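Q: need a 3D model of the sequence below.
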Amino acid sequence: MTPSPAVTLLSDVLVRAIDQKGLSVILSDATNSTPCASTVAASNSGFLPAFLITAEALWFEMTRHGFGLKLVDDPEAALGVTVLDHDAQSAVTVLLCLLDVLDALPVHNGQINLCDLNGLWQASMARLQPVSVQKEQAA
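A: Numbering: from 1, shown residues only. As a prediction, the model looks like this:
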């Protein structure tokens, strides 16, 4: 599935940012640790959807607006989805949020773990949950 030029640009910038920071990318859980190329991490059918969903959660938390990500089911994709496009008014906004996500990932021994994206996304979503308000009965 062919991504839009906007998504291709985001992918290219993410690869350059990871490489420019001198970071290695891994996919590591409690039992396995697998090296991952920055191009796979930033691919629209790799882990770019996770980066963008996390970036969108950050943006939504600030503005209550999303990016209008166009995701499609893709059984061949690393996460089961591929990102094809977005409807954000500003590509710069998407890019800055994407880079913010990269900066927020913990770095251990010069490596970022793609599994840590889940924690960032969950933290954003937890802050978006409605707060319970106690109401008093009118007298």
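Q: got the residue ranges for the strands in the chain?
A: For the chain, the strands defined by DSSP state E occupy 24-28, 33-36, 70-73, 81-85, 107-108, 111-113.
Q: Provide the strand pairings for the third one, with the direction of each partner.
A: Sheet pairing of strand 70-73 (DSSP bridges) gives strand 81-85 (antiparallel).
Q: cool, and the last one?
A: Sheet neighbours of strand 111-113, with direction, are listed as strand 24-28 (parallel), strand 107-108 (antiparallel) (DSSP bridges).
Q: how far off centre is the helix or strand bottoming out on mean pLDDT in the chain?
A: Least confident helix or strand, the chain: helix 116-128 with a mean of 77, by mean pLDDT, DSSP states H and E. Computed by C-alpha atoms, centre = their mean, to the nearest Å, the chain-centroid distance of helix 116-128 equals 10 Å.
Q: report the angle between that helix and strand 24-28.
A: 80 degrees (axes from the mean of the first three to the mean of the last three C-alpha atoms, to 10 degrees).
Q: so for helix 116-128, what gets flagged as buried?
A: Across helix 116-128, burial judged by 16 or more other C-beta atoms under 10 Å covers Asp116, Leu117, Leu120, Trp121, Ser124. Using the backbone N, CA and C atoms, a C-beta is placed for each residue, glycine as well.
Q: distance of the last one from Asp100?
A: I take that to be Ser124. Counting by C-beta to C-beta, to the nearest Å, the gap from Ser124 to Asp100 is 11 Å.
Q: need the residues touching each of these two.
A: Common neighbours of Ser124 and Asp100 (criterion: C-beta atoms under 8 Å, 6 or more residues apart in numbering): Leu58.
Q: just the helices in the chain please.
A: 5-20, 38-41, 48-63, 91-104, 116-128 (DSSP state H).
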